[in-house]
Every structure is written in structure tokens, then in C-alpha cells.
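Colleague: Give the three-dimensional model of this entry:
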Amino acid sequence: MLDKNAVLKQYFGHSAFRAGQEQVVDAILQGQDALCVMPTGAGKSLCYQVPALMFDGITLVVSPLVSLMKDQVNALTQNGVKAAYLNSSLTFGQYAMVISNIRRGAYKILYVAPERLAVADFLDACSGIKIDLLAIDEAHCISHWGQDFRPSYLNIADFVDLLGYRPIIAAFTATATAEVKDDIEYSLKLKAPFRITTGFDRPNLRFEAIRPKNKFDELLRILKQHTEEVGIIYCSTRKTVEAVGEKLNELGFSVTIYHAGLEDAVRKQNQEDFVYDRKHIMVATNAFGMGIDKSNVSYVIHYNMPKDIESYYQEAGRAGRDGSYAVCTLLYSARDVRTNQFLIEHSEPNPALTVAQQEVLRARDYERLKKMTFYSTAITCLRSFILDYFGEKAPNYCGNCSNCLSQFTEVDITVDAQKILSCIKRTGERFGKKMICDILRGSMNERIMKFRLAGQTTYGLMRDRSVAQVRDMIDYLEFEGYIETRGNEYPTLAVTQKANAVLFGQEQLVMKQAKPKAPAVLKVKKGNIKETVDRSLLAELKALRRKIADSKGVPAYVVFSDATLVDMCQKHPTTVEELLDVSGVGRVKLELYGEIFLQILRTYDRTEKES
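Modeller: Below is the predicted model:
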């Protein structure tokens, strides 16, 4: 039998495990349950796929994501692994065939939707086989306190009880607070699990938070920096998805759209156009992409701010999954906050929860939204902000986010802060950020007149400041705890006890403000590995990969990832042994594609030498 390192190389083409993977594999191989928190792109799937190929029986993978199952099975099949999935996308005949194959033990790895665990014919098929490992993907879905609770996940513990024996159980998620981790362990009845959190940092991702005057103009500026690259643009509503998608299409971009309001056939076609690289840009609502194991996404743009940092980090993490440099940009406006408040307030109630539990979760959603707003308006290191949120200590400077790469100047805002705090107090703490801003800037809008605020003593005290400057200072005061937002549907500002020292002149406030023009370094792709390879050779290898992928009906990255092709260009192998040293080339793919890729590499090598 192959050992874990041989399995890793032969089937997946890697010579070494990534951080945390080997410890998880060892724990599972020793028969121990596991609870693993690894960021998107850290290689969670290998943690259960490697043991699966070493066990005698079958590994069952519970996943809520139909598209992920298809991608994972495509990749495994290309690697020579007998794998299948069972979900609602199968026809009756396909479903019956998979059930028949399960009964005769034809698979090593089977992906299944959580709803399927309670279906009689599936339970019956499982009664005649041995399940060595039960892996739960997106395990935070079992927790009431996670950002994406799904009642169907509660079927998992019942399913295990019905088996009559207990397989090893391993739970995996990309984002989980301490409370969610404990809930996962409790709900899945894990037995003294090996726990690991590998760290949430993705060093290859650069984070940017921008407050543009015009979002679409800023979007175009960014897209011009990513010509021919693959990217995702997230929007908070279907209406925005369609508007952005239509404008980009009119301007000649290779774009498609995705949201729940599209007809099933159209949505499926659009997703496949993106997955198979027929379209380079996907404009989608936040539901898109959780199950897309697409490795060549070079950028993710959030056209609207998401509702929480968990969602943002998962979505941003769909960039750079193969380890290549990628950019994650958030375009923020105050309207995004109001949109998310509306979505939270009008979200469908979860039938599995009591009214009291619903209220607790809604309050937590608002708290998460507040933290997301803090991130979007932060003047400190964005990477540090994210890592701190997940309980991981991080330096205050990363050198790879828009804040760290921007130039700031320190400004004494004590007097302006006193004006803001006084305005909030003198108006009875009855208004939100926009109204306080309007009062201070001396606006003559209808609401100012209605509430007779033009005669208020703080009215017009900050006429010399722009709306953005006043809002920045209000956000800063809230972030630092001098004011707080009360209420959810109709939020109002209130002054905290901490503010007294500022109001009475006992404390000086200094705030960082970005200089008017960002430095040119923001446009430089530091560490972009693709810049260090011969572009013509890379183009030839990509063309060959596309030809093979089309003939097999699979996405190009399933044949070889972009990172593997880049490694080929850098190492320039001309023999079978040298090609095996390339990351992502295992024995199975070597037999399938090795010689035809070597033909290009050898020919190119000769051409180089002759010239």
C-alpha cells in the first residue's frame, strides 16, 4: 500500500503537504476525529482525500454545494480516483446508476448533499458498504451561530446513529469563531477531535477597500488592470448584478451574470461559461461561487459591501486559490450599509429556530454588519483587521493592502470631534449618521426643515468640511468607541462615557487621513509570479490545456492549474523525470498528458537554443 506522501504525489502531483494538512491526515489515519478550520484555498479537500485513498472502504463527503461536488469529482476522476456525487442535479437514470455503484463498492470517494442522508434508498445502499470516513465540508452550516446555518446539516448526526457503527468523522470549514467551533463539535458528536486552525492569512492576496465617487468608473479602472484575467464581481442585489453586467457587456467585456432569479437553465449555462473560461468575468450575487473550485481567479471585486466579514473573506478567498498573486477589492459606500440593514430586517425566518433565537441571531447579524462597516472604512492594516477578527494576532503593517500601501498624514481632529459629539447630544441622540452630517454641514434638506434643526446651535459648524470628511470622522469616533449606533432598522447615534474627556478638553484626538493622491505603488503587482515566466511559452501551454479540456468536457484548470503551467515554464522540464518535479504533476496525469506537454517544452527549448 502507498504511504501518504506517495499518494499525495501519485494522485495530486505534490511533493509536500501544505501547513496543517499533514497533521490532519495523520490524525485521521490514526482513527481520530478532526475539526479543521483552514482558509479558502488552503487545501482542506486533500486532508480527507489522501486518507480516503488509503482506507479499504469508502469516504463519504457531505457538502451543500452542487457545483463543488461536480468540480471535485471532475478533478478526482482526472487524477485517477473512482469518485461520484449524489445530488438533485442528476437525472433519474444517473441517480439509479450511482446508487447501484454504491452497493457494489465502486467508489473510493462519494460526495452527497446533506438532504440525501435521510433518503431511504441511499440509507439502504449504505447498509451494505463500509464507510471508513465521514467528511463534512462547510461544517459551520451545522451551527445555529454560524453565518450560514442550514437545518439539513442536522441530519448528519442522525445518519451516523442509523449506520450501526461509527466511522471517523472529520469536519472542515474556512471561517469559524470559537463559539461556532464548539457548536460544530457538539452537534456532530465528535469524540476528542484533533483540532487545528492553520491561520487565516492568505499572503498571496492583496486587500483593497476603496470609497469611490463613482463605483462603476472605479470598476472600469480596475478591470483595465486585469485584461484577459479571470475575475468575479459581487453585488448585493439581483438588480445591481443585471445593471453592472449589462453595462460591461455593452462595453465589450467578456462577462456573464448569476443570481437566483434567473431560470435554472440560464443560470447553469452562465456558470459553465465562467467555469470553462468561455467568459472571463462573472457578475453575481453573494450566493455564487461557494462551490466553485476554480483555481485561476485573479481578482475578486465587491461592488457592494457584504453583510459580514465571514462572508467577505470566503468570497474574497475565491481569488488566488492556486497560490498565485491576486487582488481583492471592496468598493464601499454608505448606501451599502442601509441595503444590508434592510436585508437583515427582511430576511426569511428560520423555521428551525424559536422567536427568541431568531432575535438573538438578528442582533448578531447587526453586530457583524457593524464590524464589516468598520473594515470598509478602516485606516489601519486591512489584513490585520481580518486576522484580529478571527482571533489571530497579526502585525499592524502587512505591506500588501491598500491602507499599508497608501500615504497617510496625522491630523488633530479634537475640535471637529467636539462639534460632532455636541451635535449628537444637542439633538437628543435621535438621528443617524447622515442626518448628523447634514446638520453639521448646514444642509437645507426637507428633514432639516421638518425637525426645525436649522436653528440648532451646531447647525453649519462644519460647512468647510466635505461630506466624506465628516463621515470619516464619525466612522472613526464610532470605531474608537466615542460614539455608538443604537437600534437596527432605524439606527441612531449616541455618545458614550468615553467621549466626556474629549468634550471637556481633557483628551486630544489625532486621526490618520489619506493624502489626496495614492502612490503609484498601488498599481504595481508585487510578487506576481506570472511576470517572471516567458509569456509566449505560457500561452502555448494554455492553448494545449484548453484543447485537452474541451475534448474531455472539463474545465481547463482540472487538466492542470495555472500555477502548474507557470511552474512548467520556470523549471522547463524536457524529460519525464523532470516533469514529475513540477508541482501538480502526478503519475496519473503524467501518463495522460505528460508526453504532449513535453513535446511543446522540448520544441521550445530547441528553438531557444537555436536563436
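Colleague: How many residues are close by residue 67?
Modeller: 21 (other C-beta atoms under 10 Å). Where C-beta positions appear, they are placed from N, C-alpha and C, glycine not excepted.
Colleague: Same question for residue 192.
Modeller: Neighbours around residue 192, by other C-beta under 10 Å: 8.
Colleague: Confirm it sits in a strand?
Modeller: No - Residue 192: not assigned to a strand; according to DSSP: H, G, I helix; E, B strand; the rest coil it is coil.
Colleague: Backbone dihedrals for it, please?
Modeller: Backbone torsions of residue 192, given as degrees, to the nearest 10, read phi 40, psi 60.
Colleague: That one against residue 33, yeah?
Modeller: Yes - using C-beta atoms under 8 Å, residue 192 is in contact with residue 33, at 7.0 Å.
Colleague: Overlap of the contact sets of these two?
Modeller: Common contact partners of residue 192 and residue 33 (C-beta atoms under 8 Å, 6 or more residues apart in numbering): none.
Colleague: center of the chain - which residue?
Modeller: Among the residues of the chain, the one closest to the centroid is residue 314, at 2.0 Å (C-alpha atoms, centre = their mean).
Colleague: Where does that one sit, in terms of helix or strand?
Modeller: Element membership for residue 314 (DSSP states H and E) is helix 309-316.
Colleague: Quick one: list the elements packing against that helix.
Modeller: strand 297-302, helix 355-376, helix 382-389 (3 or more C-beta pairs under 8 Å, 6 or more residues apart in numbering; DSSP states H and E).
Colleague: can you redo these as a markdown table with mean pLDDT, mean neighbour count and distance to residue 154?
Modeller: As requested, those are arranged in a markdown table below (pLDDT from 0 to 100; neighbours: other C-beta atoms under 10 Å; distance: least, C-beta to C-beta, whole Å):
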| stretch | mean pLDDT | mean neighbour count | distance to residue 154 |
| --- | --- | --- | --- |
| strand 297-302 | 95 | 24 | 31 |
| helix 355-376 | 90 | 17 | 14 |
| helix 382-389 | 94 | 21 | 27 |
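Colleague: Quick one: closest of these to residue 64.
Modeller: helix 355-376 (18.7 Å; C-beta to C-beta).
Colleague: Please report the distance of the residue nearest to the centre of the chain from residue 302.
Modeller: 12 Å (C-beta to C-beta, to the nearest Å).
Colleague: and if you look at residue 331?
Modeller: Relative to residue 302, and taking C-beta to C-beta, residue 331 is found at 7 Å.
Colleague: With residue 598 instead?
Modeller: Relative to residue 302, and taking C-beta to C-beta, residue 598 is found at 42 Å.
Colleague: What of residue 151?
Modeller: Relative to residue 302, and taking C-beta to C-beta, residue 151 is found at 28 Å.
Colleague: thinking again about what came up before, hmm, the residue nearest to the centre of the chain is touching residue 174, no?
Modeller: Yes - using C-beta under 8 Å, residue 314 is in contact with residue 174, at 5.6 Å.
Colleague: Mutual contacts of those two, please.
Modeller: residue 40.
Colleague: thinking again about what came up before, is it possible to get TSV of the helices and strands packed on helix 309-316 that adds distance to residue 266?
Modeller: Output for those, formatted as TSV (distance: least, C-beta to C-beta, whole Å):
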stretch	distance to residue 266
strand 297-302	22
helix 355-376	31
helix 382-389	35
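Colleague: out of those, which comes closest to residue 588?
Modeller: Here strand 297-302 is closest among the helices and strands packed on helix 309-316 (C-beta to C-beta), at 25.2 Å.
Colleague: ok, back up a step: nearest to residue 438, of the helices and strands packed on helix 309-316?
Modeller: Short answer: helix 355-376, nearest of the helices and strands packed on helix 309-316 by C-beta to C-beta, at 19.3 Å.
Colleague: what's next to stretch 589-603, contact-wise?
Modeller: 13, 78-79, 537, 540-541, 544, 548, 559-560, 568, 572-576, 579-580, 585.
Colleague: Just the C-alpha atoms of the lengthiest helix in the chain, please, in CSV.
Modeller: Criterion DSSP state H: the longest helix present in the chain is helix 587-610. What follows is helix 587-610, C-alpha atoms only, in CSV (Å, rounded to 0.1, in the frame of the first residue of the first chain):
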residue,chain,number,x,y,z
ARG,A,587,1.8,9.8,-12.0
VAL,A,588,-1.7,9.6,-13.4
LYS,A,589,-1.6,13.0,-15.2
LEU,A,590,1.9,12.2,-16.3
GLU,A,591,0.6,9.2,-18.1
LEU,A,592,-2.4,11.1,-19.5
TYR,A,593,-0.7,14.3,-20.7
GLY,A,594,3.0,14.2,-20.0
GLU,A,595,4.3,13.4,-23.5
ILE,A,596,2.2,16.0,-25.3
PHE,A,597,3.2,18.8,-22.9
LEU,A,598,6.8,17.7,-23.1
GLN,A,599,6.7,18.0,-26.9
ILE,A,600,6.0,21.7,-26.6
LEU,A,601,8.6,22.2,-23.9
ARG,A,602,11.2,20.3,-25.9
THR,A,603,10.4,22.1,-29.1
TYR,A,604,10.5,25.5,-27.3
ASP,A,605,13.8,24.5,-25.7
ARG,A,606,15.4,23.8,-29.0
THR,A,607,14.0,27.0,-30.6
GLU,A,608,15.5,29.0,-27.7
LYS,A,609,18.9,27.4,-28.1
GLU,A,610,19.0,27.9,-31.9
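Colleague: chain center to it, what's the gap?
Modeller: 35 Å (C-alpha atoms, centre = their mean, to the nearest Å).
Colleague: List the buried residues in that helix.
Modeller: Neighbour-count burial for helix 587-610 flags 587-590, 592-594, 597-598, 601, 604 (criterion: 16 or more other C-beta atoms under 10 Å).
Colleague: So residue 394 versus residue 400, what's the distance?
Modeller: 12 Å.
Colleague: Which parts of the stretch 451-600 of the chain are helices?
Modeller: All helices of the stretch 451-600 of the chain, identified by DSSP state H, counting those that start in this stretch, fall at 467-479, 500-503, 535-552, 556-559, 562-571, 576-580, 587-610.
Colleague: Dump these to CSV, plus distance to residue 61.
Modeller: Formatted as CSV, these follow (distance: least, C-beta to C-beta, whole Å):
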stretch, distance to residue 61
helix 467-479, 41
helix 500-503, 55
helix 535-552, 23
helix 556-559, 18
helix 562-571, 24
helix 576-580, 28
helix 587-610, 20
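Colleague: Can I get those in JSON lines including mean pLDDT and distance to residue 367?
Modeller: As requested, these are exported to JSON lines (pLDDT from 0 to 100; distance: least, C-beta to C-beta, whole Å):
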{"stretch": "helix 467-479", "mean pLDDT": "91", "distance to residue 367": "13"}
{"stretch": "helix 500-503", "mean pLDDT": "94", "distance to residue 367": "25"}
{"stretch": "helix 535-552", "mean pLDDT": "92", "distance to residue 367": "45"}
{"stretch": "helix 556-559", "mean pLDDT": "90", "distance to residue 367": "38"}
{"stretch": "helix 562-571", "mean pLDDT": "91", "distance to residue 367": "38"}
{"stretch": "helix 576-580", "mean pLDDT": "94", "distance to residue 367": "51"}
{"stretch": "helix 587-610", "mean pLDDT": "82", "distance to residue 367": "47"}
